[in-house]
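> Got a predicted model here, sequence first, then my questions.
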Amino acid sequence: MDLREESRAALVDGNREASSARAVVLVEGVSDKLALEALAVRHGRELSAERVDVLPMGGSKNIRHFLERLARRGFEGKVAGLCDSGEEGDFIRGLERAGFGSDLTRIGMERLGFFVCIVDLEDELIRALGAAAVERVIEAQGELRSFRTLQKQPAWRGRRTEDQLRRFFGSSRSRKSVYPPLIVAALDLARAPRPLEGILAHV
């Protein structure tokens, strides 16, 4: 399923689910959803049981469509969201055009329940757990040799381990889905990423 198809599917699911939800969290992709739900479980929460729907939008540029669709459906619950820093502008424009405010700053977005990862989700998780511990998670999945191979590639040799790890996770869609919840499971909750914690506090 490409991003356009993923977005359409999410819109359909969002229309069906939002009618009974008390809160909706809009995220860019499936990895964000899995990480957020995994962190909720670490806190003893089950978002679906709480009628909190986490909806992957298939990309940040779709936020306006999701917000407007929720409004047309008469959704009156809480709305929150998560994006990468590179897509912060998409979220600001989408929120402003959907009537959530004007001249929004990052602080203003957070007051609305929308949080920005410093770089992206993978960066937040790697910094929270630490590169050495992330490598142990990779080793437990039997993929440490593959990661070592990436580290030896000319384009990545000598780069920061954190950057190499981000590239490793981004090299396949399956890794982007598999590793976020595994890293969350290994986290010290006191070091959990601030954007994810902020969303859970909001909803």
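That came through, no problem.
> Does Val178 touch Gly142 like I think?
No. Applying CB atoms under 8 Å as the test, Val178 and Gly142 come out as separate, 11.6 Å apart. C-beta here means a position set from N, CA and C on the backbone, and glycine is covered the same way.
> higher neighbour count, the two?
Per other CB atoms under 10 Å, whichever of Val178 and Gly142 has more neighbours is Val178, with 17 against 8.
> Quick check: closest non-adjacent residue to that one.
Excluding its sequence neighbours, the residue lying closest to Val178 (CB to CB, 6 or more residues apart in numbering) is Gln141, at 7.2 Å.
> I'd guessed that neighbour sits against Leu182; true?
Yes. Between Gln141 and Leu182 there is a contact under CB under 8 Å: 7.3 Å.
> between these two, who's got more neighbours?
Set Gln141 next to Leu182 and count neighbours by other CB under 10 Å: Leu182 wins out with 18 against 13.
> Name all residues that make contact with the more buried one.
Val137, Ala140, Gln141 (CB atoms under 8 Å, 6 or more residues apart in numbering).
> Closest one of those residues to Phe169?
Distance ranking of the contacts of Leu182 against Phe169, using CB to CB, places Val137 first at 10.5 Å.
> Can you report phi and psi for the closest one?
Here is the backbone geometry of Val137 (degrees, to the nearest 10): phi -60, psi -40.
> What pLDDT does the model give it?
What the model reports as pLDDT for Val137 is 98.
> isn't there a strand covering Val54?
Yes. The assignment for Val54 is a strand, going by DSSP: H, G, I helix; E, B strand; the rest coil.
> Quick check: bridge partners of it?
As for beta bridges, Val54 partners with Val25 under DSSP bridges.
> For Leu196, see how far away it is.
Note on Val54: its distance to Leu196, by CB to CB, to the nearest Å, is 11 Å.
> now do Thr105
Remark: distance between Thr105 and Leu196 (CB to CB) = 20 Å.
> What angle do strand 52-56 and the helix or strand containing Leu36 make with each other?
Assigned by DSSP states H and E, Leu36 belongs to helix 30-42. Helix 30-42 and strand 52-56 are oriented at 160 degrees to each other (axes from the mean of the first three to the mean of the last three CA atoms, to 10 degrees).
> Output the contacting helices and strands for helix 30-42.
Judged by 3 or more CB pairs under 8 Å, 6 or more residues apart in numbering; DSSP states H and E, helix 30-42 is in contact with strand 23-27, strand 52-56, helix 121-129, helix 173-186, helix 194-202.
> Please convert these to CSV, extending it with distance to Leu70.
Shown next, in CSV, are the helices and strands packed on helix 30-42 (distance: least, CB to CB, whole Å):
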stretch, distance to Leu70
strand 23-27, 6
strand 52-56, 9
helix 121-129, 23
helix 173-186, 25
helix 194-202, 16
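> tell me the SS of the residue sitting furthest away from the middle of the chain?
Distance from the C-alpha centroid of the chain peaks at Pro154, with 30.0 Å (CA atoms, centre = their mean). Under three-state DSSP, Pro154 falls in the coil class.
> try the one 10 residues further on
Here Gln164 is recorded as helix under three-state DSSP.
> My read is that it contacts Lys152, right?
No. Under the criterion of CB under 8 Å, Gln164 is not in contact with Lys152, lying 10.1 Å apart.
> Fine by me, we can end here.
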